[in-house]
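Pasting a predicted model and its sequence here:
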Amino acid sequence: MADIDEVMKGIEVKVKKLRVRNFKSLKDFELDLQRLNVIIGPNGSGKTNSIEALKLFKMVLDYLRGEEINPFLEWWGYKNAVWKGDENLPITIDFEYSVTYKDKSVDSSYEITVAESDKEFKILEERISILSPLEVTLLARSDLWKLILKRELLEKYYTKVSEEEIIKLRLEVLDKLKANQEVEIKESPHRYLMKLVLDMIKIMADTESVVGFMHDNICDSISESLGLDAMGYHLSIVLDDLLDDLVYPITLGAVGAYIIAEGTIILGRIEYKAIREPIHPKRELIISGDGSNLISVLSSVGEIPERVVNSIKYVFGMDSNVRLETTSDGRAYLKFYDGKSELNPPSVPDGLYKLVILELALERNAPIIACDEIENSLHARTIRYVIDEIRNSSSVGIFATHSPAVIDILRPEEVVILEKDQEGATKPHRFEKPAEISAKLNKLGVTFSEYILYGGYA
Ligand SMILES: Nc1ncnc2c1ncn2[C@@H]1O[C@H](COP(=O)(O)OP(=O)(O)O)[C@@H](O)[C@H]1O
Ligand SMILES: [Mg+2]
């Protein structure tokens, strides 16, 4: 069985855009993502909601694994999770990202629409749209898959087959493709694309086989319902080519969506008490939202990564260190060394655990690292260190803050300002000319936080 490590190996996912519809105050929310994105805004502007939307996305995986029956219970029911309590509305979350694997690279988006009906959590629809190298969409609903492609694309492959041959074969599917540009693929063996990735991971050992089998699986369901076997020889060869060119990008798009859902780390309220408790570690590779499985994740990773140790040395001085140790009854815990003194869990400041969690997330190449109120328990110098690390990492950071000390470390282009519109819907804004702001601030002799928090931004 492969785990997230094996699947992520050699696959690079870069998230570029997040869209959310109808989740809490995010009625229609669209955010272009930079390497670092720090969300600011008054109380109630939707900072926490923006980060919780990511949490909902992650919870879909728990649902598909059967570990979560209704993710909306996190918000005490659908009514609280959906825009203005309108339970007739579905919630949609959508990512744009690129996936690179071996010599192939695709620009893709994955959109999932969820809702609650009859008190049950429902996935209404998933949509993988490939934007490049070719345009194709695979839409998955509970009862059908639908392939949507441009007619021009089809015609490119068609030219190899004569019109008469197509007519002779009276292929309904091809007529449909030509007329509507959409093909319904009925009786799909897999209800959900994301579930298909999960199932593949359960039985495959590495990335190559996960991608390979996903590809074959999607290919089979498409070609079967196209009736490929029944076609003329030329036609089936042509369509085989077409299928192959279509299905590989779709496969990478689906695996990319899974990596975003699984690998994203969202830190909410950290359970420092649980982290301090010595435990028998389980094999776990993803840090949970409250950080409580930190010791398990560190134990599963093996050695404490150099990046983590370096961050401790930066904060605590060069002669400090951090190590996993075991109690006499074999339970693991984290011990810090501050020069000559040893810090056992009860004496470790909260901020050190938070720093270890953030650094570990970076080390694990989390596609997104999100953290509400990043300033909690962290000194400004430590935050500066983490922020620099994100800037030089392959992860995307989404942080929310109220702290002027954090704002003053940022570059104007890294700031996202939330405001509510007249309806009460959260809308993100960025500075239109970030380069000019730095120059202006210099001239005015004010800090960035003063500029933003005391009226400079209008
Ligand atoms: N279901 C909902 N529909 C519309 N707005 C909501 C919903 N639930 C919460 N909100 C709005 O979101 C606000 C809280 O947003 P939040 O993200 O917690 O703010 P903050 O920026 O302080 O973190 C509330 O003031 C409320 O106006
Ligand atoms: Mg908040």
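Looks like it arrived, so ask away. Ligands and ions are numbered 1, 2, ... in the order given.

Run through the strands of the stretch 151-300 of the chain in chain order.
182-186, 265-267 (DSSP state E, counting those that start in this stretch).

lowest-confidence stretch among those?
Sorting the strands of the stretch 151-300 of the chain by mean pLDDT places strand 182-186 lowest, at a mean of 61.

For the closest residue to residue 269 other than its chain neighbours, grab the count of nearby residues.
Sequence neighbours aside, residue 290 is the residue nearest to residue 269 in space, at 6.2 Å (criterion: CB to CB, 6 or more residues apart in numbering). Using the backbone N, CA and C atoms, a C-beta is placed for each residue, glycine as well. For residue 290, the neighbour count with other CB atoms under 10 Å is 17.

Please apply the same query to residue 214.
Counted with other CB under 10 Å, residue 214 comes out at 25.

That one and residue 198 touch, don't they?
No: contact status for residue 214 versus residue 198: not in contact, 10.7 Å apart, counting by CB atoms under 8 Å.

and the gap between the closest residue to ligand 2 within the stretch 1-150 of the chain and residue 378?
Nearest residue of the stretch 1-150 of the chain to ligand 2, counting by CB to the ion: residue 48, 3.3 Å away. In this view, residue 48 and residue 378 are 18 Å apart by CB to CB, to the nearest Å.

residue contacts, the residue nearest to residue 269?
267-271, 274 (CB atoms under 8 Å, 6 or more residues apart in numbering).

Do you have the strands of the stretch 301-450 of the chain handy? List them.
Using DSSP E, counting those that start in this stretch, strands in the stretch 301-450 of the chain cover 321-326, 332-338, 341-343, 368-371, 396-400, 415-420, 426-429.

mind listing what's buried in the second one?
Looking back up the chat, that one is strand 332-338. For strand 332-338, burial by neighbour count (16 or more other CB atoms under 10 Å) applies to 332-334, 336, 338.

Contact partners for the nearest residue in space to residue 325 that is not next to it in sequence?
Excluding the flanking residues, the one nearest residue 325 by CB to CB, 6+ apart is residue 335, at 4.8 Å. By CB under 8 Å, 6+ apart, residue 335 lies in contact with 322-325, 342-345.

three-state assignment of residue 139?
Put simply, residue 139 is strand when judged by DSSP: H, G, I helix; E, B strand; the rest coil.

Leaving out sequence neighbours, find the closest residue to it.
Per CB to CB, 6+ apart, closest to residue 139 is residue 146, 4.4 Å.

buried set for the host helix or strand of the one you found?
Assigned by DSSP states H and E, residue 146 belongs to strand 144-149. Buried residues in strand 144-149, defined by neighbour count with 16+ other CB under 10 Å: 145-147, 149.

burial count for residue 417?
17.

ok, back up a step: among the contacts of residue 290, which are in helices?
Among the contacts of residue 290, DSSP state H puts residue 274 in helices.

top of the contacts of residue 290 by neighbour count?
residue 267 (23 neighbours).

list the contacts for it?
Taking CB under 8 Å, 6+ apart as the test, what residue 267 contacts is 287, 289-291, 354, 357-358, 369-372.

please redo it, this time with the cut-off set to 10 Å
Residue 267 makes contact with 51, 287-291, 354, 357-358, 361, 369-374, 376, 399, according to CB atoms under 10 Å, 6 or more residues apart in numbering.

With residue 292 instead?
Residue 292 sits in contact with 270-275, 277, 279, where contact means CB under 10 Å, 6+ apart.

Downstream of the host helix or strand of residue 13, the next helix or strand is which one?
Under the criterion of DSSP H and E, residue 13 resides in strand 11-23. Next in sequence after strand 11-23, counting helices and strands by DSSP H and E, comes strand 26-32.

okay, how far is it across stretch 285-296, tip to tip?
8 Å (CA to CA, to the nearest Å).

So residue 48 and residue 378 - more neighbours on which side?
residue 378 (25 against 17).

contacting residues around the closest residue to the more buried one other than its chain neighbours?
Closest residue to residue 378 apart from its sequence neighbours, by CB to CB, 6+ apart: residue 351 at 5.0 Å. Shown in contact with residue 351 (CB under 10 Å, 6+ apart): 272, 315, 376-379, 382-383.

How much space separates the residue nearest to the spatial centre of the chain from residue 15?
Residue closest to the mean C-alpha point of the chain, counted by CA atoms, centre = their mean, is residue 260 at 3.0 Å. Distance, residue 260 to residue 15, using CB to CB: 6 Å.

Now list whatever residues contact both of these two.
In contact with both residue 260 and residue 15: 95, 97, 367-368, 396, using CB under 10 Å, 6+ apart.

so can I have JSON lines of these showing distance to ligand 1 and neighbour count?
Listed next are those as JSON lines, based on distance: CB to the nearest ligand atom, whole Å; neighbours: other CB atoms under 10 Å:
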{"residue": "95", "distance to ligand 1": "20", "neighbour count": "25"}
{"residue": "97", "distance to ligand 1": "24", "neighbour count": "25"}
{"residue": "367", "distance to ligand 1": "22", "neighbour count": "22"}
{"residue": "368", "distance to ligand 1": "17", "neighbour count": "26"}
{"residue": "396", "distance to ligand 1": "19", "neighbour count": "24"}
